[in-house]
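Student: with the input below, show me the fold.
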Amino acid sequence: MKRTPVNPWPWSLKLGYNQAEIIEGTNRQLICAGQTAVDGEGNPQHTQDMRKQIMLTLDNLGAVLNAADMGLGNIIRLVIYTTDVDVALKHFDVFGARFGPLNAAPPMTLIGVTRLAIPGLMFEIEATAAD
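Tutor: Below you'll find the predicted structure:
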């Protein structure tokens with residue numbers, strides 16, 4: 001898979017994502033349902049801690065990707081939902097720590113919502129991946 005960043009403006013790079021990417025030469029595409037900070041039984045975790053929810057959400061997304069023989073570096077698009085955009089943005093360094101070493105900056109959208117499906121959850125990630 002070949003990824004070519006498209007950034008007519010540089011501001012999004014400071015936030016860790018490309019405005020767009022041209023994706024060429026893919027074999028498979030994986031569409032992931034929204035992943036959240038739940039345990040293996042679907043119970044919400046870290047209900048008062050946004051940072052820990054973001055980290056567990058990324059761990060859970062990683063588990064889904066691994067089950068498809070992919071990883072975070074295969075993500076080509078993210079849609080993020082949060083109940084508190086300002087607090088979530090304070091913890092976006094977690095994305096840099098996870099995606100930076102992979103030289104990945106997938107296009108993303110961050111959306112503020114009133115609530116998520118399960119009470120106590122503050123953060124959800126939908127992802128599309130390819131290889």
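Student: which residue ranges form the strands in the chain?
Tutor: Assigned by DSSP state E, the chain shows strands spanning 2-6, 20-24, 29-35, 75-82, 108-112, 123-130.
Student: in the helix ranked longest in the chain, what counts as buried?
Tutor: Using DSSP state H, we find that the single longest helix of the chain is helix 50-67. By neighbour count on 16 or more other C-beta atoms under 10 Å, the buried set for helix 50-67 is 50, 52-58, 60-61, 65. Every residue, glycine included, has its C-beta placed from N, CA and C.
Student: now swap in stretch 16-32 and tell me
Tutor: So stretch 16-32, judged by 16+ other C-beta under 10 Å, has buried residues 16-18, 21, 23, 30, 32.
Student: the inter-axis angle of the longest helix of the chain versus strand 123-130?
Tutor: Relative orientation of helix 50-67 and strand 123-130, computed by axes from the mean of the first three to the mean of the last three C-alpha atoms, to 10 degrees: 30 degrees.
Student: which neighbouring elements make contact with helix 50-67?
Tutor: strand 29-35, helix 85-90, helix 93-99, strand 123-130 (3 or more C-beta pairs under 8 Å, 6 or more residues apart in numbering; DSSP states H and E).
Student: how far does that helix sit from the chain's center?
Tutor: How far helix 50-67 lies from its chain's middle: 8 Å, per C-alpha atoms, centre = their mean, to the nearest Å.
Student: how about stretch 7-17?
Tutor: Distance of stretch 7-17 from its chain centroid, counting by C-alpha atoms, centre = their mean, is 16 Å.
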